[in-house]
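# for reference, the sequence and a predicted model appear below.
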Amino acid sequence: MTVRFDAEPWDYLGADEAIDVEHPAVQALASALRTGDDRAYAAAAFTHVRDAVTHCLDVGDPRVPWKASDVLEQGTGFCYAKAHALVAVLRAGGVQAGLCYQRLRADDGFVVHGLAAALVDDRWVRLDPRGGPPGAHVEFAADSDRLVFAADGAGETTYPTVYAAPHPAVLSALRSATDAFDLAGNGLPATL
């Protein structure tokens, strides 16, 4: 799949309100994980966010953090928030990273699923730090996309754009929510 970008290359190292790269929690984690080359660092960051940050619905946590630092400090979040955390940690360690999305079937409709993308060994790879149900767990790879869910093409899709900042539809949904279960029931974006 062709990868598209919505910003300049340096923007994939920058910070914004959700990807708060300069926050002490993000910087501390990046410093603790930053050993070896970019590939080793990206693998460590991916594994940390996938395993140490729970998906809020999987564990019954009603909190809805959306800033990368809050996600890391609270240890939970939606797939989008986990992607924000991974992107912030990668950028804090000097690896270009961005956000990407899938549109997947959910019950009788569709839902947008959040992913991260990183430039590793001169190749952009999509990474799904969500973690998944048994049998759907993915490992880091620098040479191919690692997605928990495969888009079937029948209404489902993996969007080709790597965004430097969270998509407005996603950020709006997260920022307006006060309860993860309410958001999951009637507030997650169905399309970008």
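Good, I have the coordinates.

# and Asp107, what pLDDT?
pLDDT recorded at Asp107 is 80.

# er, Gly132 actually
69.

# burial measure for Thr191, as a count.
Neighbourhood size, Thr191 [other CB atoms under 10 Å]: 13. Glycine gets a C-beta too; all of them are placed from N, C-alpha and C.

# does it belong to a helix, a strand or coil?
Here Thr191 is coil, with the state taken from DSSP: H, G, I helix; E, B strand; the rest coil.

# list the contacts of the nearest residue to it once chain neighbours are set aside.
Nearest residue to Thr191 in three dimensions, chain neighbours excluded: Arg103, at 5.8 Å (CB to CB, 6 or more residues apart in numbering). Going by CB atoms under 8 Å, 6 or more residues apart in numbering, Arg103 touches Phe110, Val111, Val112, His113, Ala151, Gly155, Glu156, Thr157, Tyr159, Ala190, Thr191, Leu192.

# go on, Asn186?
Counting by CB under 8 Å, 6+ apart, Asn186 has no contacts.

# roughly how far does it sit from Ser176?
12 Å (CB to CB, to the nearest Å).

# follow-up on the earlier one: buried ones among the contacts of Arg103?
Phe110, Val111, Val112, His113, Ala151, Thr157, Tyr159 (16 or more other CB atoms under 10 Å).

# min pLDDT across those residues, which one?
For the buried ones among the contacts of Arg103, the pLDDT minimum is Ala151, 88.

# what about it, which SS state?
coil.

# surely it and Thr157 touch.
Yes: the pair Ala151 / Thr157 is scored as a contact, 5.1 Å apart, by CB atoms under 8 Å.

# mind listing the shared neighbours of those two?
By CB under 8 Å, 6+ apart, Ala151 and Thr157 have these common neighbours: Gln102, Arg103.

# so the residue nearest to Thr191 is in which element?
strand 97-106 (DSSP states H and E).
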